[in-house]
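Trainee: what follows is a predicted protein model with its sequence.
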Amino acid sequence: MILSLGIATCFQQTLRYHTVYTISNDASVPLARHINITDPTMIEVDHMYTMGFISRLAPDPYVALFSPPHTKFTAKAHCGTGNCTWESYETLAICNKCKNISSNLAKNKHSLFNGYTLNNGFGLGTGRALLNMTTSFTRSEGRYSMSRWGSVAFGNNGSQLLSVLVVGASPGTVPEQPPSLSGFPDPMYAPPVAYECLLQVCVHEKRANWTDNTFREVVVASRTNETYNCPEHPCPYAFTITSSKTGTVFYVSEDVLGSTTRWLSGVLVGEAIYNSMYQQPLYWNNIVEPIHKAMNSSATGFTDLMDNLANRLSLSLREIPDQPLAIGQSATALYLAFVRWGWLTLPVFEFVASLLLLVTVMVETRRRSMTAWRNGILAAFFHGFDQRPVVSGGRTSLEEEARQLLVEFRQDYESGGRLVATERQE
């Protein structure tokens, strides 16, 4: 038994397994590096047409703002083996940063309601207003006005696309109004809040991996061109930024920048008011509804949705045709088994010894003409199938009887055959 355990252990230790990975370049992910006019699409904003709009951006505000907060918009990567890594790559993107500017709100008391305005004049202007949203590029005094709202918190920042400003109710409340304006229970009244989110053209440095059939990207760093701060809207010259690591120049044409700014300024505008007859909010457009619901349910609701918008726009920039690819490493696993011959010494010794013993027994049996089984107690055990010998005396007599017996197989047509004890032939 002990010898068997030792042999089993030796067999287990004989093979050692190793995993070896072969590396190839069968992995890629799209980048955005040069954004120029890719189609002659024209859009209308404020009854004015502009050329150079990237049509694939059109659904992005709706996809982003109607998605849950922190939605991951993932690029379409390729991984030939299902196990890929990308150490570092850079791509053009849209960055977002937000600031709570509620301290800039001023309450304006009117005869029937309270108004709330920022220091640039934008705010809530009616007693039933729940939310108002605009952009820094939107005209502040009507369609034909030359003045725009401008920025409250980010006027000195570069890489600007535009800012989005919103004034609305804090979570679970409505903007505070005088008692004469009925319609809401008193506990629901609270001062409104205001936010400004700046959308900037930037460069993301990323790392990525593909495991478990899932592609994951991580932003390592973001860089903007703070010297790109054009007082004119839109800026009449192109945006460029040079990578400090690789020297790569990233470029966005002035036509694309201008058309995108005008388009967003027409989309990210609207308000929500309370309809006392139907006792529910009424929305200027579909975009305002998710903004109002997000702000009314969470203190970070608006900023979370603006992050969604920036991430979705960044993804669409990478889907523009004729852009370069970031090549990664694709790993293929090979499983190798190594034989350690030293651990086979004991099993081989046992096999050789057993083989020698078997040969010795066969030779000895043949020399002694033992054509039946063998001598032993087994003959006495099977002897009772035909007759039971009556032996007088003790164990010595039984042993003597057993020595005189052999066992042989006799054919029986009824049962097929049986073992019987026979007398030793002298």
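Mentor: Arrived safely. Residues are numbered from 1 along each chain as shown.

Trainee: what number of residues lie near Ala129?
Mentor: A total of 23 residues lie near Ala129 under the criterion other CB atoms under 10 Å. Every residue, glycine included, has its C-beta placed from N, CA and C.

Trainee: what helices and strands are in contact with the longest strand along the chain?
Mentor: Among all segments of the chain classified by DSSP state E, the strand with the greatest residue count is strand 193-211. Contacts of strand 193-211 with other secondary structure elements, assessed using 3 or more CB pairs under 8 Å, 6 or more residues apart in numbering; DSSP states H and E, are made with strand 84-100, strand 160-168, strand 214-224, strand 239-242, helix 301-318.

Trainee: extract the CA atoms of that strand and return them as CSV.
Mentor: What follows is the C-alpha trace of strand 193-211 in CSV, where atoms were taken according to Å, rounded to 0.1, in the frame of the first residue of the first chain:
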residue,chain,number,x,y,z
VAL,A,193,-29.4,75.9,-8.6
ALA,A,194,-27.3,76.8,-11.7
TYR,A,195,-24.5,74.9,-13.5
GLU,A,196,-22.2,75.6,-16.4
CYS,A,197,-20.5,72.8,-18.3
LEU,A,198,-17.7,73.6,-20.7
LEU,A,199,-17.3,71.3,-23.8
GLN,A,200,-13.7,71.5,-25.0
VAL,A,201,-11.8,69.9,-27.9
CYS,A,202,-9.0,67.8,-26.3
VAL,A,203,-6.7,64.9,-26.7
HIS,A,204,-7.2,61.8,-24.6
GLU,A,205,-4.3,59.5,-23.7
LYS,A,206,-5.7,56.0,-23.2
ARG,A,207,-4.9,52.4,-22.4
ALA,A,208,-7.1,49.5,-23.2
ASN,A,209,-7.5,45.7,-23.0
TRP,A,210,-9.8,43.1,-24.4
THR,A,211,-10.5,40.1,-22.0
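
Trainee: buried residues, it. List them.
Mentor: By neighbour count with 16 or more other CB atoms under 10 Å, strand 193-211 contains the buried residues 193-206, 208-210.

Trainee: thinking again about what came up before, nearest to Ala77, of the helices and strands packed on strand 193-211?
Mentor: Closest to Ala77 of the helices and strands packed on strand 193-211 is strand 214-224 (CB to CB; 4.6 Å).

Trainee: name the helices or strands packed onto the closest one?
Mentor: For strand 214-224, the packing partners by 3+ CB pairs under 8 Å, 6+ apart come out as strand 84-100, strand 193-211.

Trainee: so which of the ones you listed is nearest Asn311?
Mentor: Closest approach to Asn311 among the helices and strands packed on strand 214-224 is made by strand 84-100 (7.9 Å; CB to CB).

Trainee: Tyr335: neighbour count?
Mentor: Neighbour count for Tyr335, taken as other CB under 10 Å: 8.

Trainee: same question for the one 10 residues further on.
Mentor: Here the number of neighbours of Thr345 (other CB under 10 Å) works out to 10.

Trainee: ok, Ser159 next?
Mentor: Ser159: 21 surrounding residues under other CB under 10 Å.

Trainee: from Thr240, how far off is it?
Mentor: Applying CB to CB, to the nearest Å, one obtains 11 Å for the distance of Ser159 from Thr240.

Trainee: can you pull the residues that touch both of those two?
Mentor: Shared contacts of Ser159 and Thr240, defined by CB atoms under 8 Å, 6 or more residues apart in numbering, comprise 225, 228.

Trainee: just to revisit the earlier point, could the helices and strands packed on strand 193-211 go into TSV alongside distance to Leu334, mean pLDDT and mean neighbour count?
Mentor: What follows is these, written out as TSV (distance: least, CB to CB, whole Å; pLDDT from 0 to 100; neighbours: other CB atoms under 10 Å):
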stretch	distance to Leu334	mean pLDDT	mean neighbour count
strand 84-100	16	95	20
strand 160-168	49	93	26
strand 214-224	23	94	14
strand 239-242	42	90	19
helix 301-318	33	96	22
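
Trainee: can I get those in CSV with distance to Thr365?
Mentor: As requested, the helices and strands packed on strand 193-211 are exported to CSV (distance: least, CB to CB, whole Å):
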stretch, distance to Thr365
strand 84-100, 67
strand 160-168, 98
strand 214-224, 69
strand 239-242, 93
helix 301-318, 84
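
Trainee: returning to what we had before: which one of the helices and strands packed on strand 214-224 lies closest to Phe73?
Mentor: Among the helices and strands packed on strand 214-224, strand 84-100 comes nearest to Phe73, with 11.1 Å by CB to CB.

Trainee: what lines up beside the helix or strand just after the closest one in the sheet?
Mentor: Next in sequence after strand 84-100, counting helices and strands by DSSP states H and E, comes strand 106-109. The strands that strand 106-109 pairs with in its sheet are strand 114-117 (antiparallel) (by DSSP bridges).

Trainee: okay, buried residues for the strand it pairs with please.
Mentor: Neighbour-count burial for strand 114-117, counted by 16+ other CB under 10 Å, picks out 114-117.

Trainee: quick one: list the elements packing against whichever helix or strand comes after that strand.
Mentor: With elements assigned by DSSP H and E, the helix or strand that comes after strand 114-117 is strand 123-124. Counting contacts by 3+ CB pairs under 8 Å, 6+ apart, the secondary-structure elements packed against strand 123-124 are strand 114-117, strand 129-135, strand 160-168.

Trainee: ok, now with 6 Å
Mentor: strand 114-117 (3 or more CB pairs under 6 Å, 6 or more residues apart in numbering; DSSP states H and E).

Trainee: check what contacts the strand it packs on and list those residues.
Mentor: Strand 114-117 is contacted by residues 105-108, 123-125, 177, 192 when judged by CB atoms under 6 Å, 6 or more residues apart in numbering.

Trainee: residues in contact with Pro192?
Mentor: Listed by CB under 6 Å, 6+ apart, the contact set of Pro192 reads 116, 167-169, 175.

Trainee: dump these into TSV; add distance to Leu257 as well.
Mentor: As requested, these are arranged in TSV below (distance: CB to CB, whole Å):
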residue	distance to Leu257
Tyr116	32
Val167	27
Gly168	29
Ala169	34
Pro175	35
